[in-house]
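Undergrad: I would like to see how this sequence folds:
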Amino acid sequence: MTTKALRKELHQEIDKMSDDGFLQIVHAMFKQYAIIYESDYVLSEIQIGELAEQKRLYKAGKLKTYPVSEVRKRALSKLRK
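TA: Got it, this is the predicted structure:
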């Protein structure tokens, strides 16, 4: 599928969407993408250190993590309340 065709299909699907919670999730995803890929933001030394610590804990098996499916399920359940 070409980029142009994909954009057109996404526009059509979003225009038909009636689930406000899902639209909010898609909107947040677009905003997050813009922040990550379209900014000149640079992490501070403290932030880099915190990320390194989180990575160390993760590799040591000491960091509680959740699969994406569980995070999605929890987020959607919170939006429906």
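Undergrad: Outside of the strand or helix carrying Glu9 itself, list whatever touches it.
TA: Counting by DSSP states H and E, the element that carries Glu9 is helix 3-16. With contact meaning Cβ atoms under 8 Å, 6 or more residues apart in numbering, helix 3-16 is reached by Met1, Leu23, Val26. In short, each C-beta sits where N, CA and C put it, glycine included.
Undergrad: now, which of these sits nearest Tyr58?
TA: Closest approach to Tyr58 among the contacts of helix 3-16 (Cβ to Cβ): Val26, at 28.0 Å.
Undergrad: Check what pLDDT that closest one gets.
TA: pLDDT, Val26: 85.
Undergrad: From Glu70, how far off is it?
TA: Taking Cβ to Cβ, to the nearest Å as the measure, Val26 falls 20 Å from Glu70.
Undergrad: With Lys16 instead?
TA: For Lys16, the distance to Glu70 equals 28 Å [Cβ to Cβ].
Undergrad: Looking at those two, which is more packed in?
TA: Glu70 (10 against 7; other Cβ atoms under 10 Å).
Undergrad: all helices in the chain, in order from the N-terminus.
TA: Using DSSP state H, the helices of the chain run over residues 3-16, 20-37, 45-59, 68-79.
Undergrad: If you average pLDDT over each of those helices, which is lowest?
TA: When those are ranked by mean pLDDT, helix 20-37 comes last with a mean of 81.
Undergrad: Please state the offset of it from the chain centre?
TA: 7 Å (Cα atoms, centre = their mean, to the nearest Å).
Undergrad: likewise stretch 64-71?
TA: The answer for stretch 64-71 is 13 Å, by Cα atoms, centre = their mean.
Undergrad: Now the terminal residues of it, how far apart.
TA: Chord length of stretch 64-71, first to last residue, is 13 Å (Cα to Cα, to the nearest Å).
Undergrad: Since that was my last question, I'll sign off now.
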